[in-house]
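S.K.: Sharing a model that was predicted from the sequence below.
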Amino acid sequence: MEKDLSNYRKTYEKGALLLKDTPENPLELFRSWFNEVDQHFPEDETNAMTVATIGSDGFPKSRVVLLKKFTYEGFIFYTNYDSEKGKAILNNPNVCLSFFWHGAERQIIIKGKAEKIAENLSDGYFESRPRGSQLGAIVSNQSSIVESREVLEFKLRQLELDYEGKEIERPTFWGGFIIKPISIEFWQGRPNRLHDRILYALDAEFNWVKNRLSP
């Protein structure tokens, strides 16, 4: 039986976002929001973000990944470069990131261009991962069809034996992407659906310009 969703409603009353209170650089506001959510809403996985890419079939596809670092240059996450996601990014670097923190009633949407990070940075992060995660990155031909879970688990057991007592090197097909933003939109839920939306966009001289958008 179909479920009627027309009366699903929620009122947003936890905050406000006024243009006069925003910094000139959106990365400062991102850092502030991220830290506030991380501190006050532990039920949210703060660094979980949706990455949207355009595939070779022309369709967009979104999936949740984990942000591992952010700087004034951009946002970094790690993946298999040969995965569907990795191939899509390498073919078309225009991507969109989004964060939704339901506890704080906030959303951030980031458009930007992705590029591989330096190999030594990917090496450093790979070395910091738990050994099981290192082996998992090698075992998985991400996005390819696999016969069964048992096949994956068997391959993992074999690798555990092969690498026993040995250092695990980062495979060349695995590493980081940095998304360098060209626009960042901040959304704060407000009562009566009159939400606050502040959009930062880079101008031709690479200066951030901010404006309020209609909800």
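M.R.: All right, it came through fine. Numbers count the residues shown, from 1 in each chain.

S.K.: Contacts only, for the residue nearest the centre of the chain.
M.R.: In the chain, the residue lying closest to the centroid (C-alpha atoms, centre = their mean) is residue 49, at 3.6 Å. Residues in contact with residue 49 (C-beta atoms under 8 Å, 6 or more residues apart in numbering) are 64-67, 75, 77, 97-99. C-betas here are computed from N, CA, C, even on glycine.

S.K.: Same check on residue 112?
M.R.: 74-75, 94-97, 179-183.

S.K.: Who is it paired with across the strands?
M.R.: residue 95, residue 181 (DSSP bridges).

S.K.: in the helix or strand bottoming out on mean pLDDT in the chain, what counts as buried?
M.R.: Lowest by mean pLDDT, DSSP states H and E among the helices and strands of the chain is helix 149-162, with a mean of 90. Of the residues in helix 149-162, 155, 159 count as buried by neighbour count, 16 or more other C-beta atoms under 10 Å.

S.K.: Which strands or helices does it pack on?
M.R.: helix 131-139 (3 or more C-beta pairs under 8 Å, 6 or more residues apart in numbering; DSSP states H and E).

S.K.: Does anything pack onto the helix it packs on? Which helices or strands?
M.R.: helix 149-162.

S.K.: any chance of the contacts of residue 49 in TSV, plus distance to residue 29, pLDDT and secondary structure?
M.R.: Formatted as TSV, those follow (distance: C-beta to C-beta, whole Å; pLDDT from 0 to 100; DSSP: H, G, I helix; E, B strand; the rest coil):
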residue	distance to residue 29	pLDDT	secondary structure
64	22	98	strand
65	22	97	strand
66	21	98	strand
67	16	98	coil
75	14	98	strand
77	20	98	strand
97	15	98	strand
98	15	98	strand
99	12	98	strand
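
S.K.: which one among these gets closest to residue 27?
M.R.: Set against residue 27, the nearest of the contacts of residue 49 by C-beta to C-beta is residue 75 (9.4 Å).

S.K.: one step back: is it possible to mark the buried ones in the contacts of residue 112?
M.R.: 74-75, 95-97, 179, 181, 183.
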